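[1] Have a look; sequence and predicted model below, questions after that.
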Amino acid sequence: MSVAPHTLFDNHGRPLEYVRLAVTDRCNLRCFYCMPEQGIQYMPKRDLLTYEEMERVVALLATLGVRKVRLTGGEPFVRRDLVPFIGRLAQIPGIDDISLTTNGVLTEPHIPELVRLGVRTVNLSLDTLDRARFAAITRRDELPRVLDTFYALLAAGIKVKINAVVMDGQNTQDLVPLAELTRDLPVEVRFIEEMPFNGGSHGAIQIPWSHIRIREHLEQHLGALTPIVKQPGATASEYTIAGHQGVVGIIAAYSRTFCGTCNRLRLTAEGGLKTCLYDQGVLDVRALLRGDATDAAVTAALAHAFRHRAADGFEAERQRPVHQLSFESMSTIGG
């Protein structure tokens with residue numbers, strides 16, 4: 001893998017090239033694995049980073065070698081003026097790949113503008129193709145709108161990756177129907193191990209559906225999954241299936257098998273830097289920005305955080321203070 005000459009490497013020799021930027025903590029769905037039924041206590045709007053603050057941070061990250069930005073939430077399209085913001089990010093020198101993760105409910109009207117702005121990939125959160133199960137999982141009856149977005153994205157030529165969280169007793173009957181989408185469509189369907197990020201408290205848990213069991217289940221019903229050579233930094237192990245146009249991916253998000261090549265960072269909606277999904281936040285970027293820190297000071301603080309990353313998600317989890325062992329909602333972290 002080639003990297004830019006100014007790319008910053010962390011203390012484990014991993015290049016840092018990719019930031020997941022949460023533009024809001026708000027969401028129009030209530031997926032039970034992401035947040036409690038009553039929702040979460042949203043941050044006051046004044047506590048969220050402004051678009052201008054986010055642009056400044058991304059520009060500084062670009063000087064350190066970050067070239068890819070993925071916009072997340074919450075649900076990104078809940079925040080007003082998202083599309084003009086994407087246009088401004090696309091103008092930042094060094095940023096050559098902008099993508100986003102969405103639940104698809106509000107996305108379809110914006111697809112022509114996404115194409116115009118050069119958005120090449122959209123990750124679509126979709127855990128089932130069954131309307132009743134979708135409503136049970138998300139606590140909203142919005143599957144038709146999500147599917148409209150899915151087909152409109154494909155028609156517009158945007159690469160679609162479906163993200164499906166595998167939940168025992170909830171949607172395991174949907175694994176094969178979702179994977180069958182790859183038979184006739186050029187789509188990647190990615191199955192994700194369930195993680196303990198729903199805003200509740202958790203001790204050590206065992207997940208019934210590990211990445212190994214997910215693969216075995218798919219092969220029992222669809223035949224052999226042939227591995228595709230994994231690119232450094234990729235979270236998904238990807239597979240082809242004979243006779244299928246698309247590909248299937250499996251993400252060992254809880255088993256954490258991909259940490260050794262992790263090249264990504266997260267910036268939460270309130271400006272917290274996470275160098276690992278499982279850490280408690282390692283830098284308050286918002287405080288720096290609103291404390292009149294110079295660009296040089298912010299860049300130095302970012303670089304220091306990058307050079308003190310946990311080796312993997314297990315080490316990051318161990319480093320959390322005992323009183324912080326309950327995990328935030330993914331809507332707060334940035335899904």
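    On my side now, so go ahead.
[2] Next, find the distance separating residue 181 from residue 46.
    Going from residue 181 to residue 46 by Cβ to Cβ, to the nearest Å gives 42 Å. For glycine as for every other residue, the C-beta is placed from the backbone atoms N, C-alpha and C.
[3] Compare neighbour counts for the two and give me the winner.
    Counted by other Cβ atoms under 10 Å, residue 181 and residue 46 do not tie: residue 181 has more neighbours, with 20 against 6.
[4] Residue 266 belongs to a strand?
    Yes - note on residue 266: a strand contains this position according to DSSP: H, G, I helix; E, B strand; the rest coil.
[5] Now do it against residue 255, distance only.
    With distances taken as Cβ to Cβ, residue 266 is found 19 Å from residue 255.
[6] which of these two has more neighbours?
    Neighbours around residue 266 and residue 255, counted as other Cβ under 10 Å, are more numerous at residue 266. The numbers are 22 against 14.
[7] Quick one: residues contacting the residue lying closest to the more buried one once chain neighbours are set aside.
    Nearest non-adjacent residue to residue 266, counting by Cβ to Cβ, 6 or more residues apart in numbering: residue 274, 4.1 Å away. If you count contacts by Cβ atoms under 8 Å, 6 or more residues apart in numbering, residue 274 has them with 265-268, 281-282, 333.
[8] nearest to residue 168, of these?
    Lowest distance from residue 168 to the contacts of residue 274 (Cβ to Cβ) belongs to residue 333, with 22.5 Å.
[9] Check what pLDDT that closest one gets.
    If you check residue 333, the pLDDT there is 52.
[10] And for residue 166, nearest residue in space, chain neighbours not counted?
    residue 209 (4.5 Å).
[11] Surely that neighbour forms part of a helix?
    No - with three-state DSSP as the criterion, residue 209 is assigned coil and is not in a helix.
[12] Please tell me how far it sits from residue 223.
    20 Å.
[13] out of these two, which sits in the more crowded spot?
    Just comparing residue 209 and residue 223: by other Cβ under 10 Å the higher neighbour count belongs to residue 209, 21 against 12.
[14] give me phi/psi at the more buried one?
    When quoted as degrees, to the nearest 10, the phi and psi of residue 209 stand at phi -110, psi 90.
[15] swap in the one 4 residues further on?
    Note on residue 213: backbone dihedrals following degrees, to the nearest 10 are phi -70, psi -40.
[16] Next one: the residue nearest to residue 166, what pLDDT does it get?
    The score at residue 209 is 94. That number is its pLDDT.
[17] Repeat that for residue 327.
    At residue 327 the predicted local distance difference test score is 51.
[18] Helices along the stretch 101-250 of the chain, start to end?
    For the stretch 101-250 of the chain, the helices defined by DSSP state H, counting those that start in this stretch occupy 111-116, 131-138, 143-155, 175-184, 211-222.
[19] Any chance of TSV for these, columns distance to residue 287?
    Listed next are those as TSV, based on distance: least, Cβ to Cβ, whole Å:
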stretch	distance to residue 287
helix 111-116	33
helix 131-138	34
helix 143-155	37
helix 175-184	42
helix 211-222	38
